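Colleague: I'll drop the sequence and a predicted model, then ask my questions.
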Amino acid sequence: MSVGIIQGNVGSITILSATVDLGSVAANTTETETATVTGLKTTDIILGVKPTLEAGLLIGTCWCSAADTVSIQVANLTGGAIDEASETWQFIVFRPDGAAAGRVLT
């Protein structure tokens, strides 16, 4: 088994805002939702901050799946569907410096 260590420095840290409208999440399931966040690059490391949260709805990892697109892992741990209202989220974006972007040591 190999272990990867990201090499390099953080080139910038930025806070971006975007409107996110999660779809209805069925009971006891997980899914991936996407939203447009202008300025994202696929090498960015992203932390999504949702302003409110309904009991039983879990927000997991966020990542840039394509330029200007954030993918958000969502889980519903309840016995009924959850359909959150559209909200403005904050995304803390860590951008590796140019030399280290995408490089991994093994």
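Modeller: Looks like it came in fine.

Colleague: Regarding the spatially most central residue of the chain, what is its secondary structure?
Modeller: Per CA atoms, centre = their mean, the C-alpha nearest to the average position across the chain is that of residue 62, at 1.6 Å. Assigned with DSSP: H, G, I helix; E, B strand; the rest coil, residue 62 falls in the strand class.

Colleague: show me what contacts it?
Modeller: Contacts of residue 62 were listed using CB atoms under 8 Å, 6 or more residues apart in numbering, and they are 46, 47, 48, 70, 71, 72, 73, 91. Every C-beta, even on glycine, is put in place using the N, C-alpha and C of the backbone.

Colleague: ranges for the helices of this protein?
Modeller: Using DSSP state H, the helices of the chain do not appear at all; there are none.

Colleague: Break down it into its strands, ranges please.
Modeller: Assigned by DSSP state E, the strands in the chain fall at 5-6, 10-20, 29-36, 45-49, 57-66, 69-76, 87-96, 104-105.

Colleague: For the second one, which strands pair with it and how are they oriented?
Modeller: Its sheet considered, strand 10-20 pairs with strand 87-96 (antiparallel) by DSSP bridges.

Colleague: how far off strand 29-36 does the partner strand point, in degrees?
Modeller: The directions of strand 87-96 and strand 29-36 differ by 80 degrees, with axes from the mean of the first three to the mean of the last three CA atoms, to 10 degrees as the criterion.

Colleague: Measure how strand 87-96 sits relative to strand 57-66, angle-wise.
Modeller: 50 degrees.

Colleague: ok, residues contacting strand 87-96?
Modeller: When contacts are defined by CB under 8 Å, 6+ apart, strand 87-96 is touched by residues 6, 8-21, 35, 37, 39-41, 43-52, 62, 70, 101-102.

Colleague: now it: how far from the chain's centre is it?
Modeller: Here strand 87-96 is found 8 Å from its chain centre; the criterion is CA atoms, centre = their mean, to the nearest Å.

Colleague: Okay, buried residues for it please.
Modeller: Residues of strand 87-96 classed as buried under the neighbour-count rule (16 or more other CB atoms under 10 Å) are 89, 91, 93, 95, 96.
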